[in-house]
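**Student:** The following comprises the amino acid sequence and a computationally predicted model.
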Amino acid sequence: MAIETNTPEVWVTGNETPATMLVTIATGQTIAARTPIGQVAASGHYIAWLPGASDGSQVAVAITAFDVDTTSGGAAAKQVYKSGTFNPELVAWPTATDLQKALSFTRSPISLQAPRLI
């Protein structure tokens, strides 16, 4: 008989309860849950974090709480994490360097911390 092990996924790694908010995701976006997002300055809408951009979306300010698809309609209000401490290994990172990832939420109420093994 084979022994199965189950290692639960640990998304929230801090002591505080994550806080969420509604934001407007720009039209034409398909964004996976747990993806960093930034706010485009010109429209105020949010898109997937683009560390090389210069339109405001280069600053990660939140993380999607659920999958987002605005490709078949207009911009839509969606729930995102605005604060909390999360497991960086479970973030749906876009193409970015390790340094960009490490600095992604600087000056933000979002922290990244690997889970403690007990």
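**Tutor:** Ah, there it is. This is a predicted model, so every value here is computed, not measured.
**Student:** Need the pLDDT of Leu99.
**Tutor:** The model reports Leu99 with a pLDDT of 95.
**Student:** and it, that's in a helix?
**Tutor:** Yes: under DSSP: H, G, I helix; E, B strand; the rest coil, Leu99 falls within a helix.
**Student:** What distance do you get for it to Ala33?
**Tutor:** Leu99 is 24 Å from Ala33, where distance means CB to CB, to the nearest Å. C-beta here means a position set from N, CA and C on the backbone, and glycine is covered the same way.
**Student:** Neighbour count for those two, which is higher?
**Tutor:** Ala33 (13 against 9; other CB atoms under 10 Å).
**Student:** the helices in the protein, which residues?
**Tutor:** Using DSSP state H, the helices of the chain run over 98-102.
**Student:** Below-threshold pLDDT in it: ranges please.
**Tutor:** Regions of the chain meeting the criterion pLDDT under 70 cover residues 118.
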